[in-house]
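In: The following block contains a protein sequence and its predicted model.
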Amino acid sequence: MPAALRPDANRAKAAPARRRPLGLLLSPRLRGLVSLLGVLLLASLVAAPDAFANLLTVKSGGSKNANEISSLYDIVLYIAAVVFVIVEGALFYSVYRFRAKKGAVAAQIRGNTILEIGWTVAAALILVVLTVVTFVKLPSIVDPPNSGANGLVLSASLTAPTPPNGKKLTICVQGRQYIWRYTYGGGCLNNSFEKKLPYSYTTMVVPEHTTVVLDIQSTDVIHSWWVPSLGGKVDAVPGYTTYTWFNALHTGLFHGQCAQLCGINHAAMIARVRVVTAAQYQAWAQRQEQLITTANAQVSQLRQILTAQGDLGN
């Protein structure tokens, strides 16, 4: 039989050439260089101070309630990690200890009453511990404290939530597509324009060591106010007023974001909180009031001119 007609010969011609792995195509020296670069990259990530910051834990450090939320989260995380290690360790031990060859008949085990009662009681005790810790931590998360000695001197207010001495700085937070508006001062929910209260957009300015209560609203869709370092996120729901508070521990700039998908430009709806000293805040608030007064005067003058010329319309 001719060689071209032999089945073995056809199969040999049809079989594709086997490709060598990429690692084998590299020279030993080049493979060593690639491995060294990988090790150096991993080492640089580990050595970087912010590489794994808040990788497993929540962000905190800017306010007392944020720190309490973080500590409660850490307690739950550590207990869950211990349970995970115990369960997975028992699983791997059982797989290794009781392994059998292929074809072996598994032993029929009716159960272990003591073991079953033990892990049921253990799970119940874990839930009890978590419940107790949560209720111990909850007041310091929900209830705002008094302002610190270096905080702003405030007048008493009755709007909830309220510190024990009733003194707080109230800021109205208004979410709209796609920006945050902040109005400063008591009564900011009603007639803020008539009262000529200072306001700002995107960046909120607050004094340190001062209990700040936020009255949160929305003019269109559901938004969510969230600056992680200052506490938990709170939804801004149309037709409702929600509340939260924080007490900044030090000056600085804290970054946040609308945490509710609110439309096509949701990603651009950022939030910033600039914490300054009490004196700097008072100077800033007075400056904002002066700017508002000047702008109102200019608008009033322009309205008079346009009215006199008949260009204002009805």
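Out: Received it, and whenever you're ready, just let me know what you need. Residues are numbered from 1 along each chain as shown.
In: quick one: low-confidence parts of the stretch 101-250 of the chain?
Out: By pLDDT under 70, the low-scoring segments of the stretch 101-250 of the chain are 153-160, 192, 194.
In: Run through the strands of it in chain order.
Out: For the stretch 101-250 of the chain, applying DSSP state E, counting those that start in this stretch gives strands covering 169-176, 179-184, 199-201, 203-207, 211-218, 223-225, 234-236, 242-247.
In: ok, then the element right after the last one?
Out: Read that as strand 242-247. As assigned by DSSP states H and E, the chain's next helix or strand after strand 242-247 is strand 252-257.
In: Run through who's touching that next one.
Out: Under the criterion Cβ atoms under 8 Å, 6 or more residues apart in numbering, residues 62, 225-230, 248, 269-275 lie in contact with strand 252-257. Heads up, the C-betas are built off the backbone N, CA and C, glycines and all.
In: Tell me which two of those sit farthest apart.
Out: Comparing every pair within those by Cβ to Cβ identifies Ala248 and Met269 as the most remote, at 21.9 Å.
In: closest one to Ile69 among the strands of the stretch 101-250 of the chain?
Out: Ile69 lies closest, by Cβ to Cβ, to one member of the strands of the stretch 101-250 of the chain: strand 242-247, at 10.9 Å.
In: What are the buried residues along the closest one?
Out: Residues of strand 242-247 classed as buried: Thr242, Thr244, Trp245, Phe246, Asn247 (neighbour count, 16 or more other Cβ atoms under 10 Å).
In: cool, stretch 201-220 as well?
Out: Within stretch 201-220, the residues that count as buried by 16+ other Cβ under 10 Å are 204-218.
In: Distance-wise, check the most centrally placed residue in the chain relative to His255.
Out: Nearest residue to the geometric centre of the chain (Cα atoms, centre = their mean): Pro228, 4.3 Å. Counting by Cβ to Cβ, to the nearest Å, the separation of Pro228 from His255 is 8 Å.
In: Same question for Val34.
Out: Distance of Val34 to His255, computed by Cβ to Cβ: 37 Å.
In: Thanks a lot, catch you later.
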